[in-house]
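Visitor: Kindly generate the corresponding structure for this input.
(one chain, ligands or ions: 1)
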Amino acid sequence: MNTTQIVLASRPTGMPTQENFRSETITLPDLQPAEVMVQGLYYSVDPYMRGRMNEGKSYVPPFKIDCPLEGGVIGKVITSRSDQFKKGDIVIGNLPWQEACVVADNKIKPLHATVSPISFYLSVLGMTGLTAYLGLMQIGVPKAGETVVVSGAGGAVGIVVGQIAKLKECHVIGISGSEEKANLLKAQFGFDEVINYKTTSKMSEAVRAACPKGVDIYFDNVGGELSDAVMSCINKHARIPLCGQISLYNTTQIPVGPRVQPLLLTRSSLMQGFIVSDYETLFPEASTQLTKWLAEGKLKFTDTIVHGFPQLPAALLGLFTGENTGKMVVRA
Ligand SMILES: NC(=O)c1ccc[n+]([C@@H]2O[C@H](COP(=O)([O-])OP(=O)(O)OC[C@H]3O[C@@H](n4cnc5c(N)ncnc54)[C@H](OP(=O)(O)O)[C@@H]3O)[C@@H](O)[C@H]2O)c1
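Guide: Numbers count the residues shown, from 1 in each chain. Below you'll find the model as predicted:
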C-alpha cells in the first residue's frame with residue numbers, strides 16, 4: 001500500500017521554513033508478525049521538535065535527513081498481525097509523520113478514551129498536561145495566597161499551569177502574545193490578569209504592577225528577555241520551574257542576559273529545569289488527577305485543530321508565531 005510521508009529535507013538555520021520539509025509517496029512494507037498498520041487521525045506538533053531538527057543530540061536524538069519526522073499520534077489500526085490489536089482499535093504512540101505507517105505492536109498503546117474530544121489525549125491528558133501538572137506541583141509547589149506567573153500562558157502547557165495554580169488558590173498572572181488570548185485566559189480560564197508581551201514595552205514594570213506582592217512561582221515556558229523581566233520581581237523563596245525556552249529555539253546565538261545567580265542567592269530561590277519524563281513514575285497519579293478535574297469541570301481546555309495531513313509543517317512553524325491557543329494539533 002502507498003502512503004504519504006513528510007521528511008526532514010534539510011536542517012534549518014534560525015526559523016525553519018517549508019523548504020526544510022518534503023512530502024513524498026512511499027510504499028509501505030508488508031506486515032510482519034507482531035506488527036500493525038496504523039492510519040493517523042490526530043498528530044501532535046510540539047516546540048521541542050524544533051530542537052530535533054538541529055544536528056547534535058539533546059535529550060532526544062535529532063531527526064534524520066530524508067527520514068520522516070515523528071511525534072505523538074492518535075491513530076486507528078487498519079490491518080494487524082498482532083495478537084494485541086485488531087482492526088478498528090484506536091491507539092496512541094510516537095509515530096512517524098506518515099498518513100499510514102507500519103509499526104511494531106510494542107510502539108503503540110491502546111487508547112480507551114473516556115474524555116471527548118479524543119485530541120485531548122495529545123494535550124491536556126497527554127504530554128503537555130503532564131508537563132504542566134508535574135512541573136508546577138513538583139517544582140513550583142504552589143501554596144494558597146501565592147502569586148504565580150506563567151509565560152506562554154495561552155499555549156498547551158500554560159493554560160493548564162494557570163488553572164491548576166487557581167485550583168491551588170493562587171493569584172495567577174499569564175504572559176501571552178495577543179489580546180484575544182489574554183481575554184480568553186481571563187474570561188474562560190480564570191486567570192486574574194494577563195500581560196500581552198507584544199504590546200508592553202516595559203515588561204518588568206508591567207509584571208511589578210500585576211504582582212504587587214512579588215512573584216512566588218515563575219513557570220517559565222519561553223525564556224529570553226521576557227523571563228529576565230519576571231525574574232527581577234521574584235520574592236524570597238521563589239520557585240522557578242524551567243519548562244521551556246521557546247523564544248530561543250530559533251536563535252543562532254544565545255543572547256547574553258542578566259546573570260541570575262546573585263538574584264537566586266539573595267532571594268534564597270530555586271530554579272530547576274525539568275523534562276516531563278523525569279517524573280514518569282508519577283504519570284498515573286497525574287493523569288488520574290487531570291482526568292478528574294476535567295470531569296468535574298474544574299479544568300478546561302481548548303485545542304487549535306489544523307485540518308489536513310499536509311499542514312503538519314505549517315502547524316509546527318505556527319507555534320513560533322503564536323498561531324495556536326491551547327494545543328496545536330493536526331487532524332488528518
Ligand atoms: N520540559 C518539558 O518536558 C516540556 C514539555 C512540553 C513543553 N515544553 C516547553 O514548554 C513550552 C510550551 O510548550 P507548549 O507545547 O505548551 O507550546 P505552546 O505554548 O502551545 O506553543 C508555543 C507558544 O509559545 C509562544 N511563543 C512563541 N515564540 C515566542 C517568543 N519568541 N516569545 C514568547 N512566546 C513565544 C506562542 O504564544 P504567544 O502568542 O504567547 O506568543 C506560542 O503559541 C515550550 O517552550 C516547550 O518547549 C517543555
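Visitor: Looking at the stretch 51-200 of the chain, what residue ends up closest to the ligand?
Guide: Taking CB to the nearest ligand atom, the ligand has its nearest neighbour within the stretch 51-200 of the chain at residue 155, 1.7 Å off. Quick note: C-beta positions are derived from backbone N, CA and C, even for glycine.
Visitor: close enough to count as contact, that residue and residue 326?
Guide: Yes. The pair residue 155 / residue 326 is scored as a contact, 7.1 Å apart, by CB atoms under 8 Å.
Visitor: So between these two, which is more surrounded?
Guide: More neighbours surround residue 155 than the other of residue 155 and residue 326, with 29 against 26 (other CB atoms under 10 Å).
Visitor: And that one, its phi and psi?
Guide: Dihedral pair for residue 155: phi -100, psi -170, per degrees, to the nearest 10.
Visitor: list the contacts for it?
Guide: 221, 319, 324, 325, 326, 327 (CB atoms under 8 Å, 6 or more residues apart in numbering).
Visitor: if we go to 7 Å?
Guide: Residue 155 sits next to 221, 324 when contact means CB atoms under 7 Å, 6 or more residues apart in numbering.
Visitor: Show the pLDDT at it.
Guide: We have a pLDDT of 98 for residue 155.
Visitor: Next: residue 57.
Guide: 77.
Visitor: Same check on residue 68?
Guide: At residue 68, the predicted lDDT confidence score is 98.
Visitor: Excluding chain neighbours, what is closest to it?
Guide: Spatial nearest neighbour of residue 68, excluding adjacent residues (CB to CB, 6 or more residues apart in numbering): residue 96 at 3.9 Å.
Visitor: How about the contacts made by the one you found?
Guide: Counted by CB under 7 Å, 6+ apart, residue 96 has contacts 5, 68, 70.
Visitor: Taking the centroid of this structure, which residue is nearest it?
Guide: Geometric centre of the chain, nearest residue: residue 128, 4.4 Å, by CA atoms, centre = their mean.
Visitor: Run through the residues of the stretch 201-332 of the chain sitting next to the ligand.
Guide: 221-222, 226, 243-247, 274-276, 319-320, 322, 324, 327-328 (CB under 6 Å from any ligand atom).
Visitor: Tell me the pLDDT of the closest residue to residue 255 other than its chain neighbours.
Guide: Nearest non-adjacent residue to residue 255, counting by CB to CB, 6+ apart: residue 224, 7.2 Å away. Note on residue 224: pLDDT of 97.
Visitor: which one's the longest helix in the protein?
Guide: For the chain, the helix with the greatest residue count under DSSP state H is helix 283-296.
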